[in-house]
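Participant: Quick one, fold the following:
(one chain, ligands or ions: 1)
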Amino acid sequence: MSQADRILRACRREPVDATPIWLMRQAGRYMAEYRALRKRYSILEIIKTPDLATEVTLQPIEAFNLDAAIIFADILPVLEGMGLLLEFVKGDGPVIHNPLRTAADVETLAVRPAEETLHYTLTAIQQVRQALDGQVALIGFSGAPFTLASYAIEGGSSRNYVRAKSLMYEQPQTWHSLLEKLSSTVGDYLRAQAAAGAQVLQLFDSWVGALSPADYREYVLPHSKRVIEIAKSEQDVPLIHFGTGTSGMLPLLKAAGGDVIGVDWRIDLAEAWTRLGDDVAVQGNLDPVILFAPVSEIKKQAARILDNVKGRPGHIFNLGHGVLQHTPVEHVAALIDFVHEYSARDG
Ligand code: CP3
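Facilitator: Residues are numbered from 1 along each chain as shown. You can find the predicted model right below:
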């Protein structure tokens with residue numbers, strides 16, 4: 001069974017020879033190869049130059065025994081295509097220079113096809129697919145409407161989302177019109193990534209756990225649902241629906257859609273799966289900080305997760321959120337090999 005088959009089968013809850021594993025943010029600053037390239041190019045230059053994006057996507061594939069690659073991109077360039085001015089400021093993270101505050105701001109946002117605005121990522125996907133030659137699966141991704149709206153309204157990262165939530169409660173019509181534009185754009189972007197060769201899609205709603213379940217249902221769920229419907233409208237590509245801090249709203253995430261639900265480390269994976277039900281696969285859920293612990297502890301915690309789901313078909317091993325900067329590379333290698341060895345099954 002190829003590594004690509006392993007993860008594609010797990011998405012469909014079919015038996016596999018070993019639990020597939022990939023890591024969110026598996027390419028990035030914890031790797032010397034990435035830091036070397038970043039000395040010469042900004043992150044946006046890498047993302048917008050297909051040869052560079054291809055090279056970075058393949059760095060962790062060459063270094064580790066991963067079952068999937070994730071295309072090197074970011075969730076925020078999609079906002080540039082809509083008319084927002086994005087910059088990654090050293091030390092401060094992403095900044096949007098013209099954040100959305102009023103109904104008039106939302107009116108000006110453009111909804112354009114991904115082939116026009118994000119062609120560089122679509123080209124990179126074609127190149128990576130060719131390089132991987134069917135051995136390792138390729139994952140495409142996008143930010144989800146809520147998480148993107150939070151950056152577009154706050155103008156950058158946020159702790160409490162006061163501006164985003166205020167707009168949601170004070171101007172619900174403006175909120176829904178913004179999320180409609182985002183869901184059309186993001187759905188189309190995911191559809192285009194599948195058309196370009198992405199074999200699995202992940203929708204990152206990283207910050208949606210900031211909402212109460214009732215607010216998620218009212219203000220977000222219909223829009224995320226629409227994204228997933230558009231994404232799958234041309235091809236039946238498996239989709240992973242990911243968020244953090246979502247223990248109290250897992251069934252709502254599932255109701256919005258996805259073949260696989262991403263789970264963070266704040267809940268036992270078996271408990272999450274019980275809340276979700278049998279008819280969906282799960283991804284997760286090691287705390288990224290465990291990768292700073294001694295290898296013996298990493299193995300203990302990874303084994304606990306694998307024991308927790310007892311080889312039940314439909315588990316993709318991952319962290320509960322992205323690999324952190326300064327994570328020891330040899331710990332990442334040890335985790336990946338351990339998951340394969342410990343979960344290896346006959347057949
Ligand atoms: O997973 C992968 O290997 C693919 C690459 C990837 C990046 N960003 C590259 C990146 C992916 C999947 C993302 C998703 C992303 N980007 C999310 C959702 C996932 C998550 O972590 O919750 C979010 C919220 C963003 C927005 C973003 N991009 C922030 C807040 C930052 C700055 C914070 C930081 O870590 O520095 C980025 C920059 C970014 N995107 C980096 C990378 C490798 C690091 C910046 C650099 O190289 O200078």
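Participant: H326: neighbour count?
Facilitator: Here the neighbour count serves as a burial measure; for H326 (other Cβ atoms under 10 Å) it reads 9. To be clear about C-beta, it is placed using only N, CA and C from the backbone, and glycine gets the same treatment.
Participant: So it lies in a strand, does it not?
Facilitator: No - counting by DSSP: H, G, I helix; E, B strand; the rest coil, H326 falls outside a strand, being coil.
Participant: who's in contact with it?
Facilitator: Contacts were defined as Cβ atoms under 8 Å, 6 or more residues apart in numbering; by that measure H326 touches 29-30, 292.
Participant: Buried members of those residues into ChimeraX, please.
Facilitator: The command below creates a ChimeraX selection of those among the contacts of H326 that count as buried (16 or more other Cβ atoms under 10 Å):
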select :30
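Participant: Please produce a markdown table containing the contacts of H326, extended by pLDDT and secondary structure.
Facilitator: Shown next, in a markdown table, are the contacts of H326 (pLDDT from 0 to 100; DSSP: H, G, I helix; E, B strand; the rest coil):
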| residue | pLDDT | secondary structure |
| --- | --- | --- |
| R29 | 97 | coil |
| Y30 | 98 | coil |
| F292 | 98 | helix |
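Participant: The contacts of H326 into TSV, with extra columns for distance to the ligand?
Facilitator: Rendered in TSV, the data for those read as follows (distance: Cβ to the nearest ligand atom, whole Å):
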residue	distance to the ligand
R29	6
Y30	9
F292	16
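Participant: State the distance from the residue lying closest to P172 once chain neighbours are set aside to the ligand.
Facilitator: Among residues not flanking P172 along the chain, Y219 sits closest, at 7.6 Å (Cβ to Cβ, 6 or more residues apart in numbering). Taking Cβ to the nearest ligand atom, to the nearest Å as the measure, Y219 falls 19 Å from the ligand.
Participant: Verify the stated contact: Y219 with L211.
Facilitator: Yes - counting by Cβ atoms under 8 Å, a contact exists between Y219 and L211, whose distance comes to 7.3 Å.
Participant: So for these two, which sits in the more crowded spot?
Facilitator: More crowded of Y219 and L211, by other Cβ under 10 Å: L211, with 25 against 21.
Participant: Looking at that one now. What's its pLDDT?
Facilitator: Turning to L211, the model gives it a pLDDT of 98.
Participant: And it, how far from the ligand?
Facilitator: Taken as Cβ to the nearest ligand atom, the spacing of L211 relative to the ligand amounts to 15 Å.
Participant: list the contacts for the nearest residue to that residue once chain neighbours are set aside?
Facilitator: Once its chain neighbours are removed from consideration, L211 has its nearest residue in V220; the separation is 6.7 Å (Cβ to Cβ, 6+ apart). With contacts taken as Cβ under 8 Å, 6+ apart, V220 has the following neighbours: 145-146, 179, 205, 208, 211, 256.
Participant: I figured I228 hits G258, correct?
Facilitator: Yes - I228 lies in contact with G258 (Cβ under 8 Å); the separation is 6.4 Å.
Participant: So these two - more neighbours on which side?
Facilitator: G258 (26 against 22).
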